[in-house]
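In: Sharing a sequence plus its predicted fold:
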Amino acid sequence: KTVKQSAPGRMRGAKEKMAVASRTVLVFPTDGKGGISDQLSDVVTDTMRARIGASGKYQTVYFLRSLPTVVRALNESTLTNNEVSHPFDDDAKLKKLMPQTSFDLALTTSVDSYNYDAAKNQVTLLISARLIDFRGAKPVVKAAAENASSAASGGNAREIDLATEVAHNIAEKLITSLLSQ
């Protein structure tokens, strides 16, 4: 029997072309305003994490208070329960929290406005995002906000389905904008 071996250069070339993510972004859960906007948190966060990963420039870690470095900081009273809880849009909170996590890039997002027009069956959302680099003496903030609505007439689609679609579209636009700045 003969076994055909692959050309040695073929594998090496493929490995060289694979992009290696150089930095890790700590992605915080999206802050909502209650009601359906809270239900959109996962849609926004998951969309942004997927886009960041697909960029090939970054990896993501989802913030949980159960991260080992955060648990240690809580046990040592370096951080308080309030500092590891919603909302995450407070700069002072992030400035104290980030050094405890061992990450220097943070992504925070929030649903700033949510409106549903029952007569038109239309959802309008305003979502903002900030990508904050904590490497230097002063944090460098890249910010973006996006406002969008579902189709003028949502037909007989459910409110949550319309809201999910709009949130997904806004999240994609926001993260694309932040990564290109």
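Out: Sure, I can see it. Residues are numbered from 1 along each chain as shown.

In: residues contacting F63?
Out: F63 makes contacts with L26, V27, F28, P29, F88, T101, as judged by Cβ atoms under 8 Å, 6 or more residues apart in numbering. Any C-beta I mention is one placed from the backbone N, CA and C, and that applies to glycine too.

In: The same query, at a cut-off of 10 Å, please.
Out: Contact analysis of F63 by Cβ atoms under 10 Å, 6 or more residues apart in numbering lists 26-29, 45, 70, 84, 88, 97, 101, 103, 106-108.

In: and which of these is nearest S180?
Out: Checking these against S180 by Cβ to Cβ gives L107 as the nearest, at 14.7 Å.

In: what's the closest non-adjacent residue to the closest one?
Out: V27 (4.7 Å; Cβ to Cβ, 6 or more residues apart in numbering).

In: element containing T45?
Out: helix 41-55 (DSSP states H and E).

In: Now do the buried residues in that helix.
Out: In terms of neighbour count (16 or more other Cβ atoms under 10 Å), helix 41-55 has its buried residues at S41, V43, V44, T45, T47, M48, R49, R51, I52, S55.

In: Just send those residues back as a markdown table, with distance to T124 too.
Out: Compiled in a markdown table, the buried residues of helix 41-55 are given as follows (distance: Cβ to Cβ, whole Å):
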| residue | distance to T124 |
| --- | --- |
| S41 | 18 |
| V43 | 16 |
| V44 | 15 |
| T45 | 20 |
| T47 | 18 |
| M48 | 20 |
| R49 | 24 |
| R51 | 22 |
| I52 | 26 |
| S55 | 28 |
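
In: Wasn't L131 part of a strand?
Out: Yes: if the criterion is DSSP: H, G, I helix; E, B strand; the rest coil, then L131 is within a strand.

In: what are the bridge partners for it, then?
Out: Applying DSSP bridges to L131 gives these bridge partners: L107, K142.
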